[in-house]
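In: need a structure here:
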Amino acid sequence: MARKEPLLSAFKGGVLRLREDGGPCTDTSPHLASLCQLLECILRKGLRQPAWGFRRRDYWHWLEQLPTGDSGRPTPLSISIQKAGSCEKARTAQGRGRYFLRLALQGKVLAAAMQQLAQTPRLLEFYDPVSSILGNEDLLEPFLSLLLVVTEMDFSLDLQNCSFLDESWLLPVCITYETVPCRVLGMVLRYVDGRVFVTEVLPESQVEVDEVVLAGDVLDEINGCSLRNAYSGQAGAMLQKLKGQPLSFRLLRWQWHDGGVYEPLLPYLKVLKEKEPRFQLQRSPRCRGEGESQRLQGGRLLYNLRYLGRTGTGEYSGKEVLDRAIPAVLERHSAAQEVLFDVKEAEVLVQEKTSSKLLCRYPYPTISCVGRCMDSSNLFAFCVAASPESPDGSTFDCLVFASSSEQECEEIIRRIAAGFKHTEWFV
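Out: The predicted structure follows:
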């Protein structure tokens, strides 16, 4: 009669709880981490350690030796093992083993791996038949039955989020940050034990304007290239090579889902604080003060403005024409139009307020200047290359807008001016 095994009972309960959650299991599923921990405990129970040698044996060491099959062609199981073995972000046997388990859950090959082990006597010798589960036929059978239940479940995991599996089953919040080509991003970086930390977001930089990166976050990838185990200066060298190209970053948040510090980061942050005593974790982007004059649309901050009209400026497009163009528009006394004004990373969009219909878009290279008339503190204007329907066949047009305050007016001007620099166009 098989002995009662508490780990199998606990694993069965974990499987049932995960199945009761319904739908595909994701990284935010409350029972996923505990199930993976139980699975790992089962794979380690009764694992024999070599009598001599420096390498401590872990379950990954037999997983990587599993036969690939008689045909020699890749199988889903062999592909998962190969991916885990070549993962740049997992540096240890523990990390690779954990990465394989996540791959196996998503690829539904976990039961196949255990069945392959049972058919390979030389690998079964890794386990003590008395104290282990995998080396005991009576316990392996119910364990395989539970894995077949797991195989019927759907998993939708972020498999790229694996940079901390060497240290913990607890995964950080991972986000993607994409930005336009620019001369200076505005991140100050510090390297701590092979990880790249953002220690400061510079004021009025592209990164601050995009409102994604926070001081304390970890750069995990740049354009798909891993920064795990990065050497000092590696991120800067990569950015230099990618100068002028769109950039895509994978960021690991210092802040976890519960609002506290992501626990595996604590030792790194302690070292970081010792190196930079003035370093502070940043909880949110620097606010611009939301009020009735601003609206959120699709997660972006839009300004409620009044469009007063446009006038041709001929071949003149410098800032000095604004002192003439703004009064010229005001003298017409045209009906103002309520609009939503969006200062994006690479362009300015103007939408009709009531319907959100796009009225016009101006990439920064088409904007020659921006500013305001000193006599009217809440009015601003910018000059753009004229459209075919421009009055008097002018080469440039000046568009005039009214904001709700002088402060908001200055903010919009500053952001548009920053757009010139960020897209590396000069006027």
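In: show me where the protein has its helices.
Out: Per DSSP state H, the chain carries helices over the ranges 6-20, 32-44, 60-63, 76-85, 93-107, 110-118, 121-124, 137-151, 206-210, 234-241, 266-275, 322-331, 406-422.
In: return the most buried member of the ones you listed.
Out: Most buried of those, by mean neighbour count (mean count of other Cβ atoms under 10 Å): helix 93-107, with a mean of 23. (Each C-beta comes from the backbone N, C-alpha and C, glycine too.)
In: other SSEs contacting that one?
Out: On a contact count with 3 or more Cβ pairs under 8 Å, 6 or more residues apart in numbering; DSSP states H and E, helix 93-107 meets helix 32-44, helix 60-63, helix 76-85, helix 110-118.
In: quick one: low-confidence parts of this structure?
Out: For the chain, the stretches flagged by pLDDT under 70 are 1-2, 53-54, 69-71, 181, 287-301, 387-394, 420-427.
In: thought Val218 was touching Asp193?
Out: No - with contact defined as Cβ atoms under 8 Å, Val218 does not reach Asp193; the gap is 11.3 Å.
In: gap between Leu219 and Asp21?
Out: Relative to Asp21, Leu219 is positioned 33 Å away (Cβ to Cβ, to the nearest Å).
In: turn the helices of the chain into JSON lines, including distance to Tyr177.
Out: Conversion of the helices of the chain to JSON lines gives the following (distance: least, Cβ to Cβ, whole Å):
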{"stretch": "helix 6-20", "distance to Tyr177": "31"}
{"stretch": "helix 32-44", "distance to Tyr177": "25"}
{"stretch": "helix 60-63", "distance to Tyr177": "32"}
{"stretch": "helix 76-85", "distance to Tyr177": "25"}
{"stretch": "helix 93-107", "distance to Tyr177": "23"}
{"stretch": "helix 110-118", "distance to Tyr177": "33"}
{"stretch": "helix 121-124", "distance to Tyr177": "43"}
{"stretch": "helix 137-151", "distance to Tyr177": "34"}
{"stretch": "helix 206-210", "distance to Tyr177": "7"}
{"stretch": "helix 234-241", "distance to Tyr177": "13"}
{"stretch": "helix 266-275", "distance to Tyr177": "20"}
{"stretch": "helix 322-331", "distance to Tyr177": "35"}
{"stretch": "helix 406-422", "distance to Tyr177": "14"}
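In: comparing Leu219 and Asp21, which residue is more hemmed in?
Out: Neighbours of Leu219 and Asp21, each counted by other Cβ atoms under 10 Å, are more numerous for Leu219; the result is 23 against 14.
In: residues touching the spatially closest residue to that one that is not a sequence neighbour, list them.
Out: Among residues not flanking Leu219 along the chain, Val196 sits closest, at 4.2 Å (Cβ to Cβ, 6 or more residues apart in numbering). Contact analysis of Val196 by Cβ atoms under 8 Å, 6 or more residues apart in numbering lists Leu189, Arg190, Val218, Leu219, Leu227, Ala230, Gln234, Ala235.
In: nearest to Pro363, out of the helices of the chain?
Out: The closest of the helices of the chain to Pro363 is helix 406-422. By Cβ to Cβ, the value is 9.1 Å.
In: was I right to think Pro74 contacts Ile81?
Out: No - between Pro74 and Ile81 there is no contact under Cβ under 8 Å: 10.0 Å.
In: list the beta-bridge partners for the residue nearest to Leu219.
Out: Val196 has these beta-bridge partners by DSSP bridges: Tyr191, Leu219.
In: the closest residue to Ile326 other than its chain neighbours: how many residues sit nearby?
Out: With Cβ to Cβ, 6+ apart as the measure, Cys373 is the residue that lies nearest to Ile326, at 4.3 Å, once sequence neighbours are left out. By the criterion of other Cβ under 10 Å, Cys373 has 17 neighbours.
In: do Asp217 as well
Out: Neighbour count for Asp217, taken as other Cβ under 10 Å: 27.
In: how much space between it and Lys270?
Out: Counting by Cβ to Cβ, the separation of Asp217 from Lys270 is 17 Å.
In: do Pro285 as well
Out: 25 Å.
In: buried ones in the lengthiest strand in the chain?
Out: Once the chain is assigned using DSSP state E, the strand that runs over the most residues is strand 300-314. Residues Leu302, Tyr303, Asn304, Leu305, Arg306, Tyr307, Leu308, Gly309, Arg310, Thr311, Gly312, Thr313 are the ones in strand 300-314 that count as buried (16 or more other Cβ atoms under 10 Å).
In: ok, of the residues you listed, which one's closest to Leu171?
Out: Leu302 (33.7 Å).
In: which residue is nearest the middle of this protein?
Out: The centroid of the chain falls nearest to Ile175 when counting by Cα atoms, centre = their mean (1.9 Å).
In: quick one: neighbours of the closest residue to that residue other than its chain neighbours, just the number.
Out: The shortest distance from Ile175 to any non-neighbouring residue, by Cβ to Cβ, 6+ apart, is to Leu251 (5.2 Å). By other Cβ under 10 Å, 20 other residues sit near Leu251.
In: just confirm Leu251 contacts Val218, I think it does.
Out: Yes - here Leu251 reaches Val218: they are 6.9 Å apart, a contact under Cβ under 8 Å.
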